[in-house]
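Visitor: following is a predicted model, sequence given first.
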Amino acid sequence: MNQPEINIIEVTSTLPPGRILGVETSCDETAAAVIEDGRILHSSVVASQIDLHRQYGGVFPEVASRQHIRTIYAVVDQALQQAHLALSDVDAIAVTRGPGLAGSLVVGLNLVKGMAISSGLPLIGVNHLEGHIYSAWVYPAAEDRPPEPKFPLLALLVSGGHSELILMTGHLTYKRLGGTLDDAAGEAFDKVARLLGLPYPGGPSIEQAAEGGNPKAFALPRARLDGTWDFSFSGLKTAVLRQVRQLENDAKTVPVADLAASFQAAVVDVLLNKTLKAARHFKASQIVVAGGVSANIALRTAFLAQTDFPVHIPRVSLCTDNAGMIASAGYYRWAHGQRDTLDIDAMPTWPLYG
Ligand code: KG4
Ligand code: ZN
């Protein structure tokens, strides 16, 4: 007789109902959100500090933490108001513990500790990378419920600090397959933007500059690193730098659009190829692409154009840092019994695994 198939969706559907307030202050966005049952997003407020940091060409940690202090109360208040809920209507508060900037993380942590003390609500510390992956579960309350991501799931997490391939065999269960050996994908976008004279943050700047450019204008290197699930982007960044220097030495105008488009195409090519290879190797049911770089239209288009695997890429507002993703991951942790004590501290270099 055939064994009945174990259906993970059924398991998750038995999780308790719950509303979670999420708070995120790991870098330069002050964010709060309310989510129901890990998926239904009732509100999401993000106060971006990008304009403040642009003059420094990157995130200035001291400025970031001060700005979090200035805005966090209003952001949390607004998230509850937009959800038409009071704090007494939520079941737990989830907060990013790390990885991130220490001075920024403690602002969110201290706030929610105070809220937990005064309300008696449980506190759940969430890993920021886990949050990015759980953005794939989130959908706005006003929309129809999309299908739940299916395990085993292959996640490509591409942000400012990480480029990782992660196999997820069930909720909260991760196996790291590989990651960048040098620059993260977002970091490469930011550095290449700087050397092309484009403003911070580099990802959106390169994307915009690349719009009128020819992605085949420059034959830039693609580090395949065969036999591993790792990535490397520093050679590509150096190749762009060499091109710029060469053009400047020859007193030629740097064709920014063509260089940006060629760089972007190389990054997308490497990410797509290795992710598909890993999905085939590990027999993934689907691919999830998450993190700030997954906001990139060329990347989204390339992943959605391939037909080998179903791909889910969260809407752009959920790709870059937000608290909906923290509230979602916090829900699944809360539903599986996690309760943290008030002495949890910021973990600036907290790995997701092991
Ligand atoms: O996930 P995220 O908001 O913060 C981190 O956790 O790091 O990712 C930020 C990164 C930055 O490096 C930014 O340049 C990049 O994501 N990014 C993009 C785009 N939007 C943001 N990269 C490429 N194309 C974009 N449209
Ligand atoms: Zn992030």
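Guide: Yep, that arrived. Numbers count the residues shown, from 1 in each chain. Ligands and ions are numbered 1, 2, ... in the order given.
Visitor: what ranges do the helices span in the chain?
Guide: In the chain, the helices defined using DSSP state H lie at 8-13, 50-54, 61-82, 102-119, 128-134, 185-195, 202-210, 234-249, 256-281, 297-305, 316-319, 324-335.
Visitor: pick the most buried one from those.
Guide: helix 324-335 (a mean of 30; mean count of other CB atoms under 10 Å). (C-beta placed from N, C-alpha, C; glycine too.)
Visitor: enumerate the residues of the stretch 101-250 of the chain near ligand 2.
Guide: residue 159 (CB under 5 Å from the ion).
Visitor: start to end distance for stretch 88-99?
Guide: 29 Å (CA to CA, to the nearest Å).
Visitor: for the residue in the stretch 151-300 of the chain positioned nearest to ligand 2, give me its contacts.
Guide: Distances between the stretch 151-300 of the chain and ligand 2 by CB to the ion are smallest at residue 159, namely 4.4 Å. Residues in contact with residue 159 (CB atoms under 8 Å, 6 or more residues apart in numbering) are 129, 132, 184, 185, 186, 291, 292, 293.
Visitor: can you check residue 43 too?
Guide: Residue 43 touches 32, 33, 34, 78, 79, 80, 81, 82, 83, counting by CB under 8 Å, 6+ apart.
Visitor: nearest residue to it other than its sequence neighbours?
Guide: residue 82 (3.6 Å; CB to CB, 6 or more residues apart in numbering).
Visitor: contacting residues for that neighbour?
Guide: 34, 42, 43, 45.
Visitor: neighbour-wise, which of the residues you listed leads?
Guide: residue 34 (28 neighbours; other CB atoms under 10 Å).
Visitor: beta-bridge partners for that one, please?
Guide: On the basis of DSSP bridges, residue 34 is bridged to residue 21, residue 43.
Visitor: surely it is in contact with residue 21?
Guide: Yes - under the criterion of CB atoms under 8 Å, residue 34 makes contact with residue 21 at 5.5 Å.
Visitor: hey, what's in contact with both of those two?
Guide: In terms of CB under 8 Å, 6+ apart, residue 34 and residue 21 are both contacted by the residues 79, 80, 90, 327.
Visitor: which residues are in contact with the second one?
Guide: Contact criterion CB under 8 Å, 6+ apart gives 21, 32, 34, 43, 86, 87 as the residues in contact with residue 80.
Visitor: tell me which two in these are the farthest apart.
Guide: Using CB to CB, the pair of the contacts of residue 80 lying farthest apart is 32 and 86, separated by 14.1 Å.
Visitor: which one of the two is surrounded by more residues?
Guide: Legend: neighbour count by other CB under 10 Å for residue 32 and residue 86, higher for residue 32 (36 against 10).
Visitor: restrict the contacts of residue 159 to those near ligand 1?
Guide: Among those, the residues lying close to ligand 1 (CB under 6 Å from any ligand atom) are 186, 291, 292, 293.
Visitor: farthest pair in these?
Guide: Between any two of those (CB to CB), the greatest distance is 7.1 Å, for 186 and 291.
Visitor: shared neighbours of those two, which are they?
Guide: 158, 159.
Visitor: within range of ligand 1, give me the residues from the protein.
Guide: 27, 159-161, 186-187, 189-190, 201-204, 207, 291-293, 295-296, 320-321.
Visitor: next, give phi and psi for the residue of the stretch 251-354 of the chain found nearest ligand 2.
Guide: Nearest to ligand 2, among the residues of the stretch 251-354 of the chain, is residue 321, at 4.4 Å (CB to the ion). Backbone geometry at residue 321, expressed as degrees, to the nearest 10, gives phi -60, psi 130.
Visitor: quick check, it in contact with residue 291.
Guide: No - contact criterion CB under 8 Å: residue 321 and residue 291 do not qualify, at 9.2 Å.
Visitor: so for these two, which residue has more residues nearby?
Guide: Counted by other CB under 10 Å, residue 321 and residue 291 do not tie: residue 291 has more neighbours, with 30 against 27.
Visitor: pretty sure that one is touching residue 165, no?
Guide: No - using CB under 8 Å as the test, residue 291 is too far from residue 165 to be in contact (12.0 Å).
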